[in-house]
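Novice: okay, sequence plus prediction incoming.
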Amino acid sequence: MVEPVGNHYVVARRVYSENSFDEEYEKLHRYHKNFWDHLKLYFRCSPQRIKKVSLRMFPVVSWLPAYRFREWILSDIVSGINTGLVSVLQGLAFALLVNVPPGYGLYAAFFPVLVYFIFGTSRHISVGPFPVLSLMVGGVVTRLVPDGAAGNGTAVNTSAIDEQRVMVAASVTFLSGIFQLLLGLLQFGFIVIYLSHSLISGFTTAAAIHVLVSQIKFMLQLPVPGFNKPFGIIYTLESVFSQITDTNIADLVTSLLVLLIVFVVKEINERYKAKLPAPIPIELIVTVLAALISHFAKFEEKFKVAVVGKLEEGFQAPVAPDAGIIQNCVGDGISIAIVGFAVGFSVAKVYSIKHDYPIDGNQELIAFGLGNILGGSFKGFASSTALSRSGVQESTGGKTQIAGIVSAIIVLIVILAIGFLLAPLQKSVLASLALGNLKGMLMQFREVGVLWRKDKYDCMIWVVTFLAAVFLGLDIGLATAVAFELLTVVIRSQIPSCTTLANVGRSNIYRNRKDYNDIYEPEGVKIFKCSSPIFFANIEFFKEKLISAVGFSPLRVLRKRNKALRKIRKMLKKGELQVTPKGLICMAHHTQESDDELDNNRMEELDQPTDMADLPIQINWDAELPPGIVVPRVDIHSIVLDFSAVSFLDFSAMRVLQKTLKEFVRIDIDIYIAGAHEGFLEKLERCAFFDEEIKPSMFFLTIHDAVLHILLKKDIASSPKLKLAEKGSSNNYVITTSNGQRSWESTIPAETKF
C-alpha cells in the first residue's frame, strides 16, 4: 500500500524474501528460449517471414513506393548535383592516398552508391571514398607493390606499377566487402559497440595526421617512397626533409594558395550556414579555376608540375580478385571492413536520430559489403562515407537516396564524357583539397582536455589509440587500440567499486556510509555493496574487500575456534577444566602449547563447522574463555550483500563465493543477499549453489527488507539507536528511532514500518 502525503510517501507492506514474494504473488516460471530455439526461429519459413526478410534485405522496396515525388524530387536533385560534384573531386583526391591513378577514384565514387540505393537503410549519407579507408588501402598497396617494384625510369615501368597497385587495391576492397557481407548475414552488426567514441575519434585523428604527411610529397612534388611499417611516418618525414631542396615551387605555391582559399571559404560556410541557401561549392570553383589556369598558362611545360593527365573514358571490364594478393592481406581486409562500417554506421546513426527514422546495423553491413564487392570488381577501392560529403547531401536538402542516384549520374557523366577536362589539373591541387577536408578530424584534438576532465579511462583510450595509429600504422594501431580498450574494461571490472552502506535519513534509503553525516548502522550488521559483475578475474578482489569491510577473516576465526575446542576437550579429559552453572573453571595451572602441536596434521578438520555436541556445555564465544584460550571476537551477527549492481556471476566466482559465505555461516554470522536481478536465484539453483548451510531463504527483495528481517529476528530491544517495540500482538511490529522522528501511533498487522 502506497499513500502519498505531500511530497512524501508512506509504504506499508510485509518484509519479503525472494521466496515469500514469489509465493504470495504467484510468480510464473516462464520458458526462456535457448540458442537452438533462436536458431530455429531465425530459419523458420513462412509467408510472413519471407515478406519481412525481403523488406529488410531490400529497404528500397519499403521507402520508394512512399516517395513524395512533388515535395522531395527538386530537393533531391539539387542535393544530388552538389554531392556529385564533391564526390568527383574527393574521388580524384583520395585516389592519391591509395597510390593509384586519380581516375580510379571515380569508380569508387560511382558503384557503391548504386548498391547502397537498393540495400542501404540511411536516407542521408553519401557513400563513396573516405580518407581513412583510402589511406589504409594505400598502406596495403605500398607494402605489396613498393616504388620501383617493376623497375624504374620509364613510362612502361610506371604503368606496370600502376596496374599492379590497382589490382591490389581492388583485391583488398573485394576482400573487405566479403567480410562485411558475411558479418551482416551472420547478424554481427553489434561489433561496432566495441569501437567506442574515444577510440574512433583518436583513430580518425591519427589517420588525418597520416593523410597530411602522405600528401606532402604531392604538394612539394618529391619522389617519396611509401613506408608501410611501424614508425613509417617518421621515415616518410625523414625522406621529405632530406629532399626539401628539390621542392617544386610552383606546386608548393599552388597548394598553399588553394589551402588558404578552401579553409577561408569553409569557415564562411560554417559561420553563415543559417543565412546561406547552400554551402559555397569552393572545391568545384577552385578545381575549375586551377584546371583552366594550368591549361592556358602551360604549367606542366613551364614549371614541370605533376598533373592528373588523361582519364580513361568509360568503364573497364570487371576483374576477379587476385588470390595471391588476398592471402597476403586478410588482416588488412578485416581492419578495413570494421573501420569502414564503424564510420559509416556512426554517421548514419547521427542522421537517423536527427530525422527520426530507424536504421539496421546488419543491413548496413550488407549494403557496404556488396558496394565494396562491386566496386572492387570494377577496380575501385574501399568506400564508406565521408563526413563532409554526407553533410553536403543533407544540408542542401537531400531527403532520400534519390539524391545519391543523382550524384552517381554526375560522376557517370565525368567518367563517360568530360573527364578529359580535368587532365591539366595539378595533383598538388587535389592534395590540398584532400587536406581541406581534414579540419573536422584534426579539431578532435580538443576532445583530449574534455575527456581528461570527464573520464580518465576514455582519455587514455584516445591518447593510446592516437599514438599507436600514428607510430605503428593504422592496421597495427587499430588492433592495439581495441586491445587496450578491452584491457581498460577488464581493469575496471576486475577492480570494482566496493562500499559499505548505511541507512540515511532513517528511511529505506542506503548509501555509502562515508558520504553522509546523518546515518544509522544497525548494531552487528554490515551492509556491503559490489558495483560490478563478479567473475573469475575479480572474485578474489571481492573477497578481500568483504573481509576488509567486516574487519576479520572468517576462516581464521573458524580455525581459532576449532583449535580452542580441541584444547577444551583435552583439558576436560585431563580434568583441568570443570563445568559449573556459571561456566567453565580452570582447575590447574595453564601451560602454553604450540599451534603445531594442537593441529596434529589435521588442518582440514579446522575448516569444518564447530561441533559442540560432545561437550557438556555450549561455548559462548563472546563470553570470557578459560585462561590460555584466545579466540578473536566477532562483533557482527549479520552481513547483507547488495547485489543490485551485479549483472552476472560466473561458475568460477560462484564456487569461491559459496566457500566464502560458508566460512561466515560456520562462525554463526547470518548472510543475506539483496536486490539480485531476475534469474540470479534460478541460475544458482541450477549450479547446485545451495545446501544445508547456504539456503535460498537468504535472498531478499531489497536491503531494507533484509535489515528489517534481521532486526525482527534478533529482537534488538536494547539498541541505543533502534528499538523493536511489540505492540498489541506478536504479529504487529513498529520500528521507531530513539528520537521519535519516524514513529507511528497505530500498527499494521503483519507489516513492518521503519
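Specialist: Thanks, I have it.

Novice: hey, let's count contacts and neighbours off CA atoms from now on
Specialist: Noted.

Novice: relative to L486, how far out is the residue nearest the centre of the chain?
Specialist: The chain has Y194 as the residue nearest its centroid, 4.2 Å off, counting by CA atoms, centre = their mean. According to CA to CA, to the nearest Å, Y194 and L486 sit 8 Å apart.

Novice: how about the strands in the stretch 301-450 of the chain?
Specialist: 384-385 (DSSP state E, counting those that start in this stretch).

Novice: now the helices for it?
Specialist: Secondary structure of the stretch 301-450 of the chain by DSSP state H, counting those that start in this stretch: the helices cover 323-327, 330-355, 361-377, 387-395, 402-413, 427-436, 439-442, 447-454.

Novice: go on, the stretch 451-600 of the chain?
Specialist: Using DSSP H, counting those that start in this stretch, helices in the stretch 451-600 of the chain cover 456-472, 474-494, 539-550, 554-574, 595-599.

Novice: ranking these by burial, who's on top?
Specialist: For the helices of the stretch 451-600 of the chain, the largest average neighbour count (mean count of other CA atoms under 10 Å) is found in helix 456-472, namely a mean of 22.

Novice: which helices and strands does that helix pack with?
Specialist: Where contact means 3 or more CA pairs under 8 Å, 6 or more residues apart in numbering; DSSP states H and E, helix 456-472 is packed against helix 197-220, helix 232-242, helix 447-454, helix 474-494.

Novice: so how far is it off the chain centroid?
Specialist: 15 Å (CA atoms, centre = their mean, to the nearest Å).

Novice: helices along the stretch 1-150 of the chain, start to end?
Specialist: Per DSSP H, counting those that start in this stretch, the stretch 1-150 of the chain carries helices over the ranges 18-24, 35-42, 47-57, 60-63, 69-98, 104-108, 111-119, 131-144.

Novice: can I get those in CSV including distance to S644?
Specialist: What follows is those, written out as CSV (distance: least, CA to CA, whole Å):
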stretch, distance to S644
helix 18-24, 13
helix 35-42, 27
helix 47-57, 38
helix 60-63, 43
helix 69-98, 51
helix 104-108, 51
helix 111-119, 43
helix 131-144, 43
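
Novice: what's the closest of the helices and strands packed on helix 456-472 to K514?
Specialist: The closest of the helices and strands packed on helix 456-472 to K514 is helix 474-494. By CA to CA, the value is 21.6 Å.

Novice: so which residues make contact with the closest one?
Specialist: 136, 194-195, 199, 203, 207, 332, 335, 457, 461, 464-471, 532-533, 537-538, 541 (CA atoms under 8 Å, 6 or more residues apart in numbering).

Novice: how about a cut-off of 6 Å?
Specialist: Residues outside helix 474-494 that contact it (CA atoms under 6 Å, 6 or more residues apart in numbering): T465, A468, A469, A537, N538.

Novice: looking at those, spot the one nearest V53.
Specialist: Distance to V53 across the contacts of helix 474-494 (CA to CA) is lowest for T465, with 38.3 Å.

Novice: how much space between the closest residue in space to the closest one that isn't next to it in sequence and G138?
Specialist: Take T465 and drop its neighbours on the chain: the residue closest to it by CA to CA, 6 or more residues apart in numbering is A481, 4.7 Å away. Applying CA to CA, the value for A481 to G138 is 21 Å.

Novice: neighbours around G505, how many?
Specialist: For G505, the tally of surrounding residues (other CA atoms under 10 Å) stands at 15.

Novice: from the contacts of helix 474-494, which two are the most distant?
Specialist: A469 and N538 (31.0 Å).

Novice: assign the residue nearest to V429 when sequence neighbours are not counted to helix, strand or coil.
Specialist: Distances taken as CA to CA, 6+ apart place S255 nearest to V429, at 5.8 Å, with adjacent residues excluded. Following DSSP: H, G, I helix; E, B strand; the rest coil, S255 is assigned to helix.

Novice: so what's S255 up against?
Specialist: Residues near S255 by CA under 6 Å, 6+ apart: M219, S428, V429, S432.

Novice: redo that, cut-off 8 Å
Specialist: If a contact means CA under 8 Å, 6+ apart, then S255 has M219, S428, V429, A431, S432 as its contacts.

Novice: next, work out how far apart the fourth one and L438 are.
Specialist: Just to be clear, that refers to A431. 11 Å.

Novice: ok, those two, which is more surrounded?
Specialist: Taking other CA under 10 Å, A431 and L438 do not tie; A431 has more neighbours (28 against 20).

Novice: which among the helices of the stretch 1-150 of the chain is found nearest to V406?
Specialist: Judging the helices of the stretch 1-150 of the chain by CA to CA, what sits closest to V406 is helix 69-98, at 4.7 Å.

Novice: can you give me the buried ones in the closest one?
Specialist: 72-73, 75-98 (16 or more other CA atoms under 10 Å).

Novice: and it with helix 387-395, angle?
Specialist: Taking axes from the mean of the first three to the mean of the last three CA atoms, to 10 degrees, one finds helix 69-98 and helix 387-395 inclined to each other by 170 degrees.

Novice: fine by me, we can end here.
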